Structures are given as structure tokens and as C-alpha cells.
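1. Quick one, fold the following:
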Amino acid sequence: MKKRLLLLRFLLPMWVGLTMIGCSDVNRCSDYTPPPIPSGVYTITGDGLVEVLWSEVRIEDLDGYKIYRSPREDGIYRRIGRSEDNYFVDQDVQNGVVYYYAVSSYDWDGNESDLSYETVHDTPRPEGFDLIIYDEDARAGVDFSGYYHHMIQSWDDPFVDLYLLWLNGRYCLASTDVEYQGAIYGTDVQYAGYVNSLDEIDWAPDGGWSVDIADTVRLYEDHAYLVWTWENNFAKFQVVHIGYDYVVIDWAFQVDEGNPELKTLPTSGNQQPPDLRAPRNVGSNYEIPITRPSREPKIENKEQGK
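-> This next block holds a predicted model:
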């Protein structure tokens, strides 16, 4: 009996010590506390993709984040991916469709936080680079609805939104007017200032549009401009380069009608847009321009000096 007591007195401290050594592991495996909810969630609109970003959750046992998406703000959010960083690119999207996003965090033990609280949505849209607009009637018009393939048209094509012209010693872009069912509908454009990147402009503004007159904006390299088409779509562009008889722009066009978060190609002259903007308030004597001011090419006089 004494031997047993002595053995217990010897082994008990060892058992307690071993138990305490493993206690931290046991506690870690028994952790049921979820990590903090991610905050600061926002998106960057892309062409056929949406970038989702959020503030980093700073805890030692963070294992990663789960990204969720829904077609509606009050709809069911389904998980679309995971990320170890506070960044995710959703490429399973369609241009012109609105998507809602939320993010959760999870730890080593599989505990997951609630979804982020912010209401975050995005609408991917087409974009393009180095589009050349020429100072000649047949290639001076820009039709944003013909994105990718048929954006450059004749300046007086019935579907162009803007056209290039030479005015007061500088290249400008003028918005167009369209006569439709006896009324005049117009595209409008406004200056947005110098930008380092066109991505700096996320939304078209509510105001600042001259809705009852066609607009003409002077073009400057590295400056941006916003467009509200007569078919009720929004676009943006940045002037990349101004040449002697051409202008180069980068652009983005929102195909979701009426969506300011920055269509199918017209197939005939009988196109009937489903939701036009309100017509311009113009008098009965108003006429759509039939000529385009152009810069005359410089021609050397070979006969000079003779």
C-alpha cells in the first residue's frame, strides 16, 4: 500500500504536467469562437470580371476568407470561392449583370464569422484600349454600343454617340442627336478632369449633363470624359494620345441600360431601343448638323518657288 502511495505521489505530478502541456492543444482544438467579421468590402469593376477587396482581419489563427455572391441584395448568398489574402477575382460573371458580394473569415478550427455587413454590388462591363478615331468623315464617329468590333463609324451614322471635329485650333468630340419617331434624342458628354487611370472613375454623375443641347468637349491627353448615350447607357473614356489627324482613347461602356456604374450591335436602321431617354427640349426649327468641321491636311505646294 505504501509503495502504491509513493508511486502515485511520484507519478501524479508527471501526469498533471503532461496534462497541462497538452492543454493548449486541447483548448485550441476546442475553440468555438469565430473570427471577426471582415469589413471595408468594396469592388472594382472589370471587363468580364469583378475584383473584390476588403480590410485584413488580424488574428493569429486566421486561416482565410470565404467569398459569397447573390443576384439580389436580399437574396441567398452562395459561396463562390476562398482566399488566403484580402483579395478575390470573380471571373464567372457576365457583362451588364448586377452581382452582390459578401465576405466571411474563418480560423484554423473551422469557425466562420458572419457575412460582412456592407451592401456591395458590381456590374462588370466591356472596356477597350487604344481605339483610334480619325479626322475623316468615314472614320470620325464613335458608337459605344458597337464595343470591341464596330465602334468606329461614319460621323453621321444614325447610331454614333460622338464624332471627332476640329474646332478653334484643337480637336474636340461632339455628342450627337438622333431623330426618332418625330422627337430628338441626344447623347451628352461632360469633362471629368485629369486622371492617372480610367479606373479612378467608378460612376457616372447624377448631374452636370446639358440634356437639351449637344455637347462639344475639347480633348486633352490623359484627361477623362463621361458619356450618357441617347439609348440611356453610360460610358467613359480617357484620351491617350492626340496625333496630327487622329485621337487615341481608352474606354469603358456599361451595357446595363440606365446603370451609372461604369447591347447588342445594331442590325438594321429600324432599331427600336426599349427605354429611351427623355427627348430634347428643342424647337421645331432645330436641325441635326449635316456637315462636320475637319482639319484640312497639310499639303506642300511643290510648285512653290517656281
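2. The stretch 1-150 of the chain: helices as residue ranges?
-> Under the criterion DSSP state H, counting those that start in this stretch, helices of the stretch 1-150 of the chain are mapped to 2-21, 23-29.
3. Number of residues surrounding residue 65?
-> Neighbours of residue 65 under the rule other C-beta atoms under 10 Å: 26. C-betas here are computed from N, CA, C, even on glycine.
4. Now do stretch 104-119: distance from first to last residue.
-> End-to-end distance for stretch 104-119: 14 Å, by C-alpha to C-alpha, to the nearest Å.
5. if I look at the nearest residue in space to residue 35 that is not next to it in sequence, how far off is residue 90?
-> Closest residue to residue 35 apart from its sequence neighbours, by C-beta to C-beta, 6 or more residues apart in numbering: residue 105 at 4.5 Å. Between residue 105 and residue 90 the distance is 18 Å, computed by C-beta to C-beta, to the nearest Å.
6. need the contact list for residue 126.
-> Counting by C-beta atoms under 8 Å, 6 or more residues apart in numbering, residue 126 touches 47, 95, 147, 148, 252, 253, 255.
7. swap the cut-off to 6 Å and go again
-> Taking C-beta atoms under 6 Å, 6 or more residues apart in numbering, we find residue 126 in contact with 47, 95, 147, 253.
8. can you check residue 221 too?
-> Applying C-beta under 6 Å, 6+ apart, one finds that residue 221 lies in contact with 239, 242.
9. Residue 120 now?
-> 41, 43, 101.
10. Show me these that map onto strands.
-> Under the assignment DSSP state E, those contribute 43, 101 to strands.
11. ranking the contacts of residue 120 by neighbours, who comes first?
-> With neighbours defined as other C-beta under 10 Å, the most crowded of the contacts of residue 120 is residue 101; it has 25 neighbours.
12. Skipping adjacent residues, who's closest to that one in space?
-> The shortest distance from residue 101 to any residue other than its chain neighbours is 4.8 Å, reached at residue 120 (C-beta to C-beta, 6+ apart).
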